[in-house]
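K.L.:
Could you look at this predicted model? Sequence included:
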Amino acid sequence: MRALLLASVFSMTAVMGSLPARAADVTAPVKNIIDATVKNWAEGENDYQDIFDQARLTGVYSKDFAEKFRAAAKFPAFDDGTTPFDYDVITGGQDGCPLQDVKIETKGPKGNATEVDASFKNMVCFGTDAQYQQAATVQFLVIEEGGKPVIDDIMTQGGDDAGFVSLKSALIEIAKQGG
């Protein structure tokens, strides 16, 4: 009986050892950014979470994205600022409400990346009109770099139904035009 049990354990170990390693969670870097954004818009006293701080630029974003951000950040939107943007790039504005109905969903391959969408409502405190109750969606393009998933671009909804706009492209333009 003991020999049979040991044989079963060795068989299971051999089979499990031959299975591919579980793929890295492509939603992890998106969760990092969305969690920070949720905290930034929460009511009450909260420490501001810079989604482009050095730790995130080196750990959550691709090297290419970080390089483009650093080039554009040489032209901050505000005196003594650290970002080329004068608005929250995730929520798409300077005003908003605490985020509600936050969802993160892997959509699948998009070019050489995996699209991970984050949706949320961030205007509900402005009223009950339909425009304030709509969910916004942000597309994150996640690639693998150094064996882990990182954000290579953030696609935000453009105004006037312009579709999605690449944040990486905006960074390139800011750096090119010098602010």
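P.N.:
Structure's in. What do you need?
K.L.:
What lies in contact with stretch 32-45?
P.N.:
Stretch 32-45 has contacts (C-beta atoms under 8 Å, 6 or more residues apart in numbering) with 46-51, 56, 60, 88, 90-91, 96-99, 102, 104, 118, 120, 122, 140, 151. For every residue, glycine as well, the C-beta is placed using N, CA and C.
K.L.:
6 Å instead, please
P.N.:
46, 49, 51, 60, 90, 96, 98, 99, 118 (C-beta atoms under 6 Å, 6 or more residues apart in numbering).
K.L.:
now, which of the residues you listed sits nearest residue 25?
P.N.:
residue 60 (12.7 Å; C-beta to C-beta).
K.L.:
contacting residues around the nearest residue to the closest one once chain neighbours are set aside?
P.N.:
In space, and not counting its chain neighbours, residue 60 is closest to residue 29: 4.4 Å by C-beta to C-beta, 6 or more residues apart in numbering. Counting by C-beta under 6 Å, 6+ apart, residue 29 touches 60, 149, 150, 151.
K.L.:
As JSON lines, those with secondary structure, distance to residue 38 and pLDDT would be great.
P.N.:
Shown next, in JSON lines, are the contacts of residue 29 (DSSP: H, G, I helix; E, B strand; the rest coil; distance: C-beta to C-beta, whole Å; pLDDT from 0 to 100):
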{"residue": "60", "secondary structure": "coil", "distance to residue 38": "15", "pLDDT": "97"}
{"residue": "149", "secondary structure": "strand", "distance to residue 38": "20", "pLDDT": "98"}
{"residue": "150", "secondary structure": "strand", "distance to residue 38": "20", "pLDDT": "98"}
{"residue": "151", "secondary structure": "strand", "distance to residue 38": "17", "pLDDT": "98"}
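K.L.:
Can you tell me which of those residues comes closest to residue 136?
P.N.:
residue 151 (17.4 Å).
K.L.:
middle-most residue in this protein, spatially?
P.N.:
Most central in the chain under C-alpha atoms, centre = their mean is residue 30, positioned 3.3 Å from the mean C-alpha point.
K.L.:
Which of the three states applies to it?
P.N.:
The three-state assignment at residue 30 reads helix, by DSSP: H, G, I helix; E, B strand; the rest coil.
K.L.:
Contact partners for it?
P.N.:
Neighbours of residue 30 in contact, by C-beta under 6 Å, 6+ apart: 104, 116, 118, 140.
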